[in-house]
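> 3D model of this:
(chains A and B)
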Protein chains: 2
Amino acid sequence: MDLVVGIDIGGTKTKVGLVDRHGNSHGQTFFRTKEYPVLETYLIKTKETVDALINDLDDAPRILGCGIGAPNASSKRGTIENAANLLWKGQVPFLEKFKAIMPMPMRIMNDASAAALGELLFGSGKDMTDFIAITLGTGFGAGIVANGQLIDGYDGFAGELGHVDMTIGDGRLTGLGVEGGLEAYVSATGLKRTITYMQSQYLDESRFRDIAYNDLHGEDITRAAEEGDVLALRAFDYTAKIMAQALANFTAFTQPEAFVLMGGLTNSGKWILEPLDKYFNEFLLEVYRGKVKIIESGMPDKTAAICGAAALIWEKHK
Amino acid sequence: MDLVVGIDIGGTKTKVGLVDRHGNSHGQTFFRTKEYPVLETYLIKTKETVDALINDLDDAPRILGCGIGAPNASSKRGTIENAANLLWKGQVPFLEKFKAIMPMPMRIMNDASAAALGELLFGSGKDMTDFIAITLGTGFGAGIVANGQLIDGYDGFAGELGHVDMTIGDGRLTGLGVEGGLEAYVSATGLKRTITYMQSQYLDESRFRDIAYNDLHGEDITRAAEEGDVLALRAFDYTAKIMAQALANFTAFTQPEAFVLMGGLTNSGKWILEPLDKYFNEFLLEVYRGKVKIIESGMPDKTAAICGAAALIWEKHK
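Numbers count the residues shown, from 1 in each chain, chains lettered A, B, ... in the order given. The predicted structure is shown next:
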């Protein structure tokens, strides 16, 4: 059987899996990224993890290559550059070094762009030529598909939409120091920040007044909304409104047929999606109204990142 | 000789010309758009204008087709839809009706997108695969080239960046009613509006205190800046700063190698370009800094629109 290695490098976990041409997983696992602060030992650990997955299969597969999704990866240079959540600093020649240890066809790409490619090949994007995949995790990522192709940018850094300046009143800083940057509001982290902001703005009783910022989790906010907690409801409304404004602006750029949402914040379901839909159609320019869908990823949550990474290689075999 | 008909439909003038495969003009002329409020008579007038240009040539050319640039044109439907500056209202099936009168291969596209295609085939974009053409006239238009292709959007309305919400303090309305929309600030009209705004904000002496809004022209503002008029200098700085913020945001989208500027406002030269450069590099995300150029169009001002329109057909013959 033909398989592709898919690797998703996150600040917390590195996920590794084997993916067939239909996007099905044939074994996957993970290890903790931060336990390998030296790049060389990280790469050896990664190769060992891949080998173990292959050995677990009943029949020896043909491995067509390895696709890698990572924050701040440049597809054109094969590098990871100044990634805020990774321990390897500066401009890391990731592909060159990994190929020396595990020689096979290899591609690396920004994780949100890889997710978009995964949707295009295996998920909700299969029948679309123009869509934008939005990852709502610790940060806000975007992968843009137009004319049926992924948009890479001049040197592989297209889609850094989390750092678009929204010039919102209170001008929060993003991790990259952008004042009023989108992901400071619209992400799992942004929602937590908004919960604390709401405590400063209003005097309503709320369960969150007894929880410290560092003890706050996305699921708690969703549960609070279900229980009618006023601050939680205000926080979702506030987040959805800013996100709707951003998506309306992005629509004017490539006019996607849909935004495909994925990542932690989407687990809040209707609490974020219902106000998002309402505001989005309010903000959208007349010429686009009724033509742009907001949908959820068509990929199973657990395998989406690995399949997206594997799509970098499967794209070349279509 | 092989030629293509290029037509640029503007609110004031309709420009018609014949363009060879290198982007050279072989005759061009114009007539006043508003003198033909009925579409059918407009189309007959256009065909007559084309015929006259062909008859003026020494040798009968082979006409490969006709490309049309127009505001609010959908390339996918062949329509012009709700164009604010044109007298034909609603959804106009332009291509279908024009083909009935002048049967030949024909394409229509948003004027800014056509201008981008002209730059790609004949102008500053010849050696680039990722750039954004910006037209700064009555409004703010954009044509996006990524992966060496023009980005059309799901039904042909990509690049409507003049209506992106910038959420600037005073929230001016655009012609489409977008509050705080970019083109209300960054366009020839936006600059005029800013001159009046500066009169409200400051008490400095200025030649503009003796000129009514309707008598104000772009050249006057440039001349005033040259003479050291404080309000003119403030207006250019204000415009450049907002434009720089917008271009920095757009960079995060497709990461272009360059922005190619054209249209009336660019005639103000260094008064707009110098502060623009300064603010742009300030606002740009670290990862993009030093990698994105702002350049002027490589096309002669007079023929750019016609060549852009003709590029719609020449693109198919490359």
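
> The residue of the stretch 201-318 of chain A found nearest chain B: what's it in contact with?
For the stretch 201-318 of chain A, the residue closest to chain B is A:Q255, as judged by CB to the nearest CB, at 2.7 Å. (Glycine included, C-beta is placed from N, CA and C.) Contact analysis of A:Q255 by CB atoms under 8 Å, 6 or more residues apart in numbering or on different chains lists A:130, A:288, A:291-292, B:152-158, B:160.

> any idea how far it lies from B:L161?
If you measure A:Q255 against B:L161 using CB to CB, to the nearest Å, the figure is 11 Å.

> Over to A:A70?
When CB to CB is applied, the distance between A:A70 and B:L161 equals 30 Å.

> hey, where'd the strands end up in chain A?
If you assign secondary structure with DSSP state E, the strands in chain A sit at A:2-9, A:13-19, A:25-32, A:62-70, A:73-74, A:79-81, A:91-92, A:106-110, A:131-136, A:140-146, A:149-150, A:258-262, A:293-296.

> gap between the fifth one and the chain center?
Relative to the mean C-alpha coordinate of its chain, strand A:73-74 is positioned 14 Å out (CA atoms, centre = their mean, to the nearest Å).

> Wondering if it reaches chain B at all.
No - using CB under 8 Å from any CB of the partner chain, strand A:73-74 stays clear of chain B, coming no nearer than 8.9 Å.

> Pairing partners for that strand, with directions?
According to DSSP bridges, strand A:73-74 forms sheet pairs with strand A:79-81 (antiparallel).

> pLDDT on the partner strand, on average?
For strand A:79-81, mean pLDDT rounds to 93.

> Quick check: the closest residue to the residue of the stretch 201-318 of chain A closest to chain B other than its chain neighbours vs B:E315, distance?
Using CB to CB, 6 or more residues apart in numbering or on different chains and skipping residues adjacent in sequence, the residue nearest A:Q255 is B:G153, 2.7 Å away. Shown here: B:G153 relative to B:E315, a distance of 17 Å by CB to CB.

> These two: which has the busier surroundings?
With other CB atoms under 10 Å in any protein chain shown as the criterion, B:G153 and B:E315 differ in neighbour count, and B:G153 comes out ahead with 29 against 16.

> How about the contacts made by the more buried one?
Contacts of B:G153 were listed using CB under 8 Å, 6+ apart, and they are A:130, A:146, A:254-256, B:159.

> Could you export the residues you listed as JSON lines, including pLDDT and distance to A:L120?
Below are the contacts of B:G153 laid out as JSON lines (pLDDT from 0 to 100; distance: CB to CB, whole Å):
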{"residue": "A:D130", "pLDDT": "96", "distance to A:L120": "11"}
{"residue": "A:A146", "pLDDT": "96", "distance to A:L120": "11"}
{"residue": "A:T254", "pLDDT": "94", "distance to A:L120": "14"}
{"residue": "A:Q255", "pLDDT": "94", "distance to A:L120": "17"}
{"residue": "A:P256", "pLDDT": "96", "distance to A:L120": "12"}
{"residue": "B:G159", "pLDDT": "89", "distance to A:L120": "22"}
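
> Against A:T222, how distant is A:N267?
7 Å.

> just A:V260 next, same as before
Distance of A:V260 to A:T222, given as CB to CB: 21 Å.

> quick one, which of those two is more surrounded?
When A:V260 and A:T222 are compared on other CB under 10 Å, the one with more neighbours turns out to be A:V260, at 29 against 19.

> how many neighbours does A:I211 have?
As a burial measure, A:I211 scores 15 neighbours (other CB under 10 Å).
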